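> Need a 3D model of the sequence below.
(3 chains)
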Amino acid sequence: MESYIHIIILCFLLLTSFAIVRMRDLFSIVMLMGVYGLLSASFFVLMDAVDVALTEAAVGIVISPLLLLSTLAATGRYEKKKRQQPFLALIVAVFTGALLIYGTLEMPPFGSADTPANRHVASYYINQSYAETGIPNLVSSVLASYRGYDTLGELFVIFTAGAGVLALLGLKIKSPKKSRSTVLPPSSMSRHHILRIVSKMLIPLILLFGLYVQFHGDFGPGGGFQAGAIFASGMALYAMIFGLQTTMRVFSRAWLEFFAAVGLLLYGGTGVVSILSGKNFLDYSVLSQSPTDAQHLGILLVELGVGITVASVILLVFMFFASHMTKVSE
Amino acid sequence: MVELTYALSILCLLVGSISNLIAGFGIFHFPDVYTRMHAAGITDSFGTGLILIGLMLQTGWDGPIGKLLAILIFTLITSPTISYVLANTALKEQPPKTANTTHKKTDES
Amino acid sequence: MLVATLIAILVVMLLALIRAFAGPTLYDRILAVNLLGTKTVMFIAILGFLSGRAYFLDIAMIYALLNFIGIIGLLRIFEYREAKSNNKGSTW
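The predicted structure is shown next:
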């Protein structure tokens, strides 16, 4: 029964990707990529990978389509027709795909218990993780404690992406530092009273939910990445409805850049504290007397750093992309 | 009493799924985007609401009934808003397609 | 009964997908995407009940909120695009 639903969702994914390739209207393609993200997230939920499903939902439904559409709003809408049919590329792609499928024929069946990964490492995590770290969520403990170096590297990648966008694009509107007036600049959605009222009701709840996902990530699905993405999505909704100038009065550019660095500093600082106390980098046992409390505190600090940096970088990138949409011909 | 709530939840789930199927067929069959919005509105509020109420009746008081209530309230608030904004934006760009769709001009559009 | 509801939701997802592929205008596709989002919320809630895990409802709530944010963002950018092509007033 389960495998039938798996096959159905995978067929949906295949249909969607086929339609993405065949279409020429780029706005519709972006929307279909949102559909692809939704279907992928459902598939992850089917396979019991709920943390990954949360991250895929936040990034694939909100952030990716919005960034792509901000770019498309400045460039053209329709794809140009190709001059020639790329037959050679098709032959190379089919040949490589056939080789890859032939290579996977030797692999063990999906999810079988006697693969090396499941026998040694995964069984150790499943048996020892709660006794050593004291938190029920295996994914958080593996991400933040057993594989802490990898997560630090991922955070550096996110930070570098934000720095790259800062270097390549510029911010086209100045942050209103000097104006203390309380009059909001008019946005064209100011006519939509219903939307403003509904957003005023929902945005605090979205931000609160982001904080819930951050701090409840030890006991349920969640963690730093998901929380940062949800928080940034809530602030992006605020920016879209009430205007970018208003958002920059809440989170100005300097504060966002500062917070992006603070999160990374928090993560790396935990490691440096461990070194200064005489142990290895990111060894959490220096933080407290009992070992499980120390692990718990270390994971909390580290996830907090991840959440702060991810939220700041995503919001910064969104603001940079969106500020280029202010060019209007008046 | 337990059998009554269970039977009621089965009834809610049944009516919810049937209305979802009818509305899904409506989206497939209707000629115009505004008429399709009517069908989508049925499945967003009526179908989803009934299925959620059916699930709430099945859990009892010590289950995740608060979260189901929260999902119900969020869906009931956000779906009509999306329909409204979609209809407003679609009206600005394109006129209705079928001859039977009339457009009454108000002072906002 | 839950399995039958799941199958009904999968059928509606398929119909919405067909509308997303074949809709002649852009707004048909936005409608279909919104419908797919709502059906995914229901899909995950029922899956949570079928497998007996309580935390699936967190994910369903997140999807409902993110669906809203995504669609409103899309429509905002379309409105900007229409205003730009009609040379109307300020947007942001």
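> Could you give me the buried positions within stretch B:44-62?
Applying a neighbour-count criterion of 16 or more other Cβ atoms under 10 Å in any protein chain shown, one finds B:44-45, B:47-58 buried in stretch B:44-62. Just so you know, the C-beta spots here come from the backbone N, C-alpha and C atoms, and that holds for glycine as well.
> Same list, those, but only the ones touching chain C.
Applying Cβ under 8 Å from any Cβ of the partner chain, the subset of these adjacent to chain C comprises B:44, B:48, B:51, B:52, B:55, B:58.
> of all those, which two lie farthest apart?
Maximum pairwise distance among these (Cβ to Cβ): 21.8 Å, between B:44 and B:58.
> Skipping adjacent residues, who's closest to the residue nearest the centre of chain B in space?
The centroid of chain B falls nearest to residue B:44 when counting by Cα atoms, centre = their mean (2.0 Å). Sequence neighbours aside, residue B:79 is the residue nearest to residue B:44 in space, at 3.7 Å (criterion: Cβ to Cβ, 6 or more residues apart in numbering or on different chains).
> Count the neighbours of the one you found for me.
24 (other Cβ atoms under 10 Å in any protein chain shown).
> longest helix in chain C, by residue count?
The longest helix of chain C (DSSP state H) is helix C:56-85.
> Can you name every helix or strand that that one contacts?
Applying 3 or more Cβ pairs under 8 Å, 6 or more residues apart in numbering or on different chains; DSSP states H and E, one finds that helix C:56-85 contacts helix A:26-46, helix A:50-57, helix A:64-74, helix A:193-215, helix A:224-242, helix B:65-93, helix C:26-51.
> Reformat those into TSV and put distance to residue A:167 next to each item.
Below are the helices and strands packed on helix C:56-85 laid out as TSV (distance: least, Cβ to Cβ, whole Å):
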stretch	distance to residue A:167
helix A:26-46	25
helix A:50-57	26
helix A:64-74	17
helix A:193-215	28
helix A:224-242	20
helix B:65-93	35
helix C:26-51	33
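> could you give the angle of the longest helix of chain C to helix C:26-51?
Between helix C:56-85 and helix C:26-51, the angle comes out at 170 degrees (axes from the mean of the first three to the mean of the last three Cα atoms, to 10 degrees).
> Show me which residues of helix C:56-85 are buried.
By neighbour count on 16+ other Cβ under 10 Å, the buried set for helix C:56-85 is C:56-81, C:83-84.
> Compute the inter-axis angle for it and helix A:26-46.
Using the same axes, to 10 degrees: helix C:56-85 against helix A:26-46 is 170 degrees.
> For helix C:56-85, what does the pLDDT average out to?
In this model, helix C:56-85 has a mean pLDDT of 84.
> Contact partners for residue A:30?
By Cβ atoms under 8 Å, 6 or more residues apart in numbering or on different chains, the contact list for residue A:30 reads A:65, A:68, A:69, A:72.
> Greatest separation within these: which pair is it?
Among these, A:65 and A:72 lie farthest apart (Cβ to Cβ), at 10.0 Å.
> Of these two, which one has the most company?
Between residue A:65 and residue A:72, counting by other Cβ under 10 Å, residue A:65 is the more crowded of the two (25 against 16).
> Not counting sequence-adjacent ones, nearest residue to that one?
Per Cβ to Cβ, 6+ apart, closest to residue A:65 is residue A:34, 4.7 Å.
> Helices of the chain, start to end?
Since you didn't name a chain, this refers to chain A. Secondary structure of chain A (DSSP H): helices at A:2-22, A:26-46, A:50-57, A:64-74, A:87-104, A:116, A:123-133, A:138-141, A:148-168, A:193-215, A:224-242, A:244-250, A:253-276, A:291-323.
> not what I meant, chain B
Counting by DSSP H, one finds helices in chain B at the ranges B:2-29, B:33-41, B:48-59, B:65-93.
> CA atoms only for the shortest one, dumped as PDB, please.
Just to be clear, that refers to helix B:33-41. Extracted C-alpha coordinates of helix B:33-41, given in PDB (Å, rounded to 0.1, in the frame of the first residue of the first chain):
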ATOM      1  CA  VAL B  33     -10.500  31.100 -14.600                       C
ATOM      2  CA  TYR B  34     -13.200  32.900 -12.600                       C
ATOM      3  CA  THR B  35     -15.500  29.900 -12.700                       C
ATOM      4  CA  ARG B  36     -12.700  27.600 -11.700                       C
ATOM      5  CA  MET B  37     -12.100  29.800  -8.700                       C
ATOM      6  CA  HIS B  38     -15.600  29.000  -7.500                       C
ATOM      7  CA  ALA B  39     -14.700  25.300  -7.600                       C
ATOM      8  CA  ALA B  40     -11.400  25.800  -5.900                       C
ATOM      9  CA  GLY B  41     -13.100  27.800  -3.200                       C
END
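> can you list the residues that contact it?
Applying Cβ under 8 Å, 6+ apart, the contact partners of helix B:33-41 are B:23-24, B:26-27, B:30, B:79-80, B:83, B:86-87, B:90, B:96-98, B:101, C:19, C:23, C:25, C:27-28, C:31, C:34-35.
> Centre of the chain to that helix, how far?
A distance of 10 Å separates the C-alpha centroid of helix B:33-41 from that of its chain, computed with Cα atoms, centre = their mean, to the nearest Å.
> what's the answer for stretch B:57-77, then?
Using Cα atoms, centre = their mean, the offset of stretch B:57-77 from its chain centre is 17 Å.
> what comes into contact with it?
The list of residues contacting stretch B:57-77 from outside it, by Cβ under 8 Å, 6+ apart, reads A:198, A:201-202, B:5-6, B:8-9, B:12, B:44-45, B:48-49, B:52-53, B:55-56, C:38, C:41, C:45, C:49, C:54, C:57-58, C:60-61, C:64-65, C:68.
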